[in-house]
Each structure stands twice: as C-alpha cells, then as structure tokens.
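# Please work out how this folds:
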Amino acid sequence: MSLPRQLRLESDFDQLPDDVAVSATIADIEETKGFIDYYRFAIEVKTKGGSKYLIYRRYKEFSNLHHDLQSKYSPEDPDKPRANCCILPTLPGKVYLGNKQEIAESRIPGLNTYMKRLLSLPTRVVLDHTLRLFFYQTEQDSQHRPRALRRLRPPTRKVKAPDVKPKMDLFSSPRAEVMFDFRGNDKLELSLKKGEVVFLLSRVNADWLEGTLNNQTGIFPGSFVNIIKSLPISESDRGESPYIGGYSCLHCFLLKPSGVDTRDVCVEEDVSIQPSYQDLLTRMRSVFKVEDIALNYRDPEGDLIRIIDDEDVLLMIQESRGHRRSVKRPVNQFLWELYVTMTLDLSVYNTEI
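Alright, predicted model coming up:
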C-alpha cells in the first residue's frame, strides 16, 4: 500500500477526541547543557479541539517513538496481521559528524515532514498510546520557560508607533500580563519582564502580537504572556480586513516580451504584514525561476514604478491603501500587486516628459 492511499480520510477525523494532536511544527531549537550537551526541539502542537501548546523533545525521543511504532505496525513482520499494518513515514537518519547546532537545524524540515505524515495516518495509529504520549504536554513541558520561538516569528514587520493617547484605560484596553522575561533581539521586538502589563495593539500572526509597554512599541511572542482582555475579533493592525487564518494571497505578474505570466502566490502571513525588499525579491526569483529581475508596482496613474529598497515597499503599500476602495479584493488578498520585469528592460516604463 502506498503512503498517500493510507492517509486518514476526512470522515475518520470526526472519530478523534478533541485532545488528540492533529498538527505539530518545530518552532525553535534550544541547547541543554550538562554532563552531555544536546539540543532539544521546541514543538508547537495543535489539537483537534483547537488548543495549542509547546512540548520539548530530543531527536533520541523521535527515534524511540519510531522504533516503537515500527514494532507495532511495520508490514515487514510476516507474523503480524496485515490489518494492523501500515507504512510509516521515514524518520530522518542519524548524523554523527558536524556541529551539534547545525545538525539540529538541518533536521528541522525532515522532522516537520515526519510529524505531518505521522499525524495523517489512520485513526488507529494516531490514537496509539505511545504516539499520543509523545505529543502530550507533560508537567515539565508546561513549566518550561519558552524562548523566542524564532521560526514562528513573522519574517519582517514594520512597527508603527500607535496614536498618542493621554492615558491608557486599564479596564477597557486589550492587555496581557507578562509570564516570562523576553529580550527583544532587534528594534522590531518589544522586551518584556515578568509581571508587567503590556497593552495589545494587534495580532501579527497566529503566534506573535504587537503591543506597547513603557512608551515602546514592538512585537513579541504570544506564548510569553497571559491574555487579560483579548483584542476585538475585528481588530486589524493596519485598517484592512482582519486576518482569518490560513494563507494570504499575493497577485503578481512577470512581464516578458513573449507575454505576461500571472501567478497567485500563497504566503502564511497576515495580509497586513509588510515584507522587506529583499524578502520580496528572493520570493519572486523562486516563484518565476529567474534571477536577473526587478520589482515594480503600478501607481494611481497606472505607470510602473521600480522598487529598489524598503522605503519603496512602504510607499507601494501606502499608495495601495489610498485607493483600496476603488479595487475590490478578497479579504485574504494583499491590496498591492507586484510586477516583475527583467532588470535591463526599461521599455516597460513611461519615460515621456
């Protein structure tokens, strides 16, 4: 039986209890020092019931889990009833040479794929005691101080200072209590100290919030705070339609002498996220498989304007907001569009004086 044919059917999903894990993603790695130094993976687990928590596992624990599942479900054992067998996903192999941190980092994509396929197996496997125990949040997991969870952080975020208010209303403003110290790594991140109250401005994505504290504004991981009063459901950090989860869509075009190649690029970010110039350039090179390209947008007059840095990206977004009412778009589609051209092709620009 091939792997795709044995994946769990949608009808089987209803049989699962609400506390069973249905997805897991590695959010970060962290070093544990002792008699033997090793790295653990910080894993964000989501359950069928919608809850979300962090667990911390070593590669050795992945290996032990895999061997246990193989002993129960591997079809290679001729004495095992075929009805109990299924083909398990491949666990990334051991690496014996190299820097421990680099080895741990290199394992992340493979382990993410492994967990995704593991949790898509038939219901009888997902409900296996050993598997459920692996994804269960132990008391040690729940008491562990989370770190920055950098892999859940939005790749870029232009923080805009909020409108000045004479005084924050302690009883009506969305706010949260800081549960763990957090030291921001750059100007975009807000440093927090346990016990402080941070006022919430917006939700950046499913894992990061934007807030203000001690006259400073920035973003911080939501796992570091306890929400006292949530943001309104309709809250939008830049005035656009609220983020509804899942993927947002970027409409983009590659302009070539032979014609126009149109693409809708899905990104796992809020439509209000402001990317950097370099992020956009790298993504477009990957999408269209062309290296020597330039990024552009259309101004209100319909002329192409070349983007060369982050300030141009900001200008593009500001202009798109200015005439958003005249263009109707889905709530999960960015208001701005990208026009990709060849770097040396200047014929696409309006050069009339």
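
# So, low pLDDT: which residues of the stretch 51-200 of the chain?
Counting by pLDDT under 70, the stretch 51-200 of the chain shows low-confidence ranges at 76-83, 96-98, 147-172, 185-186.

# Going along the chain, name the strands of it.
With DSSP state E, counting those that start in this stretch applied, the stretch 51-200 of the chain shows strands at 52-57, 175-178, 197-203, listed in chain order.

# Distance to residue 279 for those - can I get that in JSON lines?
For the C-beta atoms, the positions are set from N, CA and C on the backbone; glycine is no exception. Compiled in JSON lines, those are given as follows (distance: least, C-beta to C-beta, whole Å):
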{"stretch": "strand 52-57", "distance to residue 279": "26"}
{"stretch": "strand 175-178", "distance to residue 279": "28"}
{"stretch": "strand 197-203", "distance to residue 279": "20"}
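
# Could you point out which of the ones you listed sits nearest residue 108?
When these are ranked by distance to residue 108, counting by C-beta to C-beta, first place goes to strand 52-57 at 12.3 Å.

# Now do residue 50 against residue 42, distance only.
According to C-beta to C-beta, to the nearest Å, residue 50 stands 20 Å off from residue 42.

# what residues go with each domain of this structure?
Following automatic domain parsing, the chain resolves into domains at 3-143, 151-229, 248-342.

# May I ask you to name the longest strand in the protein?
Among the elements of type strand in the chain, defined by DSSP state E, the one spanning the most residues is strand 21-32.

# coming back round to it: between the strands of the stretch 51-200 of the chain, which one is closest to residue 136.
Using C-beta to C-beta as the measure, strand 52-57 is the one of these that comes nearest residue 136, at 7.5 Å.

# Neighbour count: residue 50 and residue 42, which is higher?
Counting neighbours by other C-beta atoms under 10 Å for residue 50 and for residue 42 shows that residue 42 has the greater number, 24 against 8.

# hmm, back to that, indicate which one of the domains of the chain is closest to residue 349.
Residue 349 lies closest to domain 248-342 among those, at 5.6 Å (C-beta to C-beta).

# quick one, strands of the stretch 251-353 of the chain?
Going by DSSP E, counting those that start in this stretch, the stretch 251-353 of the chain shows strands at 259-267, 293-298, 304-307, 338-342.

# Output those strands as TSV; include the columns distance to residue 107, mean neighbour count and mean pLDDT.
Putting the strands of the stretch 251-353 of the chain into TSV (distance: least, C-beta to C-beta, whole Å; neighbours: other C-beta atoms under 10 Å; pLDDT from 0 to 100) gives the following:
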stretch	distance to residue 107	mean neighbour count	mean pLDDT
strand 259-267	25	12	80
strand 293-298	33	20	92
strand 304-307	36	17	92
strand 338-342	34	20	93
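
# I'd like these as JSON lines, with distance to residue 214 appended.
JSON lines is the format used below for the strands of the stretch 251-353 of the chain (distance: least, C-beta to C-beta, whole Å):
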{"stretch": "strand 259-267", "distance to residue 214": "33"}
{"stretch": "strand 293-298", "distance to residue 214": "37"}
{"stretch": "strand 304-307", "distance to residue 214": "35"}
{"stretch": "strand 338-342", "distance to residue 214": "38"}
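
# Please point out which parts of the lengthiest helix in the chain sit buried.
When the chain is scanned for its longest helix (criterion: DSSP state H), the result is helix 100-118. Within helix 100-118, the residues that qualify as buried by neighbour count (16 or more other C-beta atoms under 10 Å) are 103, 104, 107, 108, 111, 112, 114, 115, 117, 118.

# ok so, going back, which parts of the longest strand of the chain are buried?
Buried residues in strand 21-32, defined by neighbour count with 16+ other C-beta under 10 Å: 21, 22, 23, 24, 25, 26, 27, 28, 29, 30.

# Can you name the two of these that sit furthest apart?
Every pair of the buried residues of strand 21-32 checked by C-beta to C-beta; the farthest is 22 and 30, at 24.5 Å.

# about what we covered before: any idea which of the strands of the stretch 51-200 of the chain gets closest to residue 249?
Across the strands of the stretch 51-200 of the chain, residue 249 has its closest neighbour in strand 197-203 (19.0 Å, C-beta to C-beta).

# right, and the helix or strand after the closest one?
With elements assigned by DSSP states H and E, the helix or strand that comes after strand 197-203 is strand 208-213.

# Check which helices and strands the helix or strand just after that following strand is in contact with.
Going down the chain from strand 208-213, the next helix or strand is strand 216-221, by DSSP H and E. Secondary-structure packing of strand 216-221 (3 or more C-beta pairs under 8 Å, 6 or more residues apart in numbering; DSSP states H and E): strand 208-213.

# Thanks a lot, catch you later.
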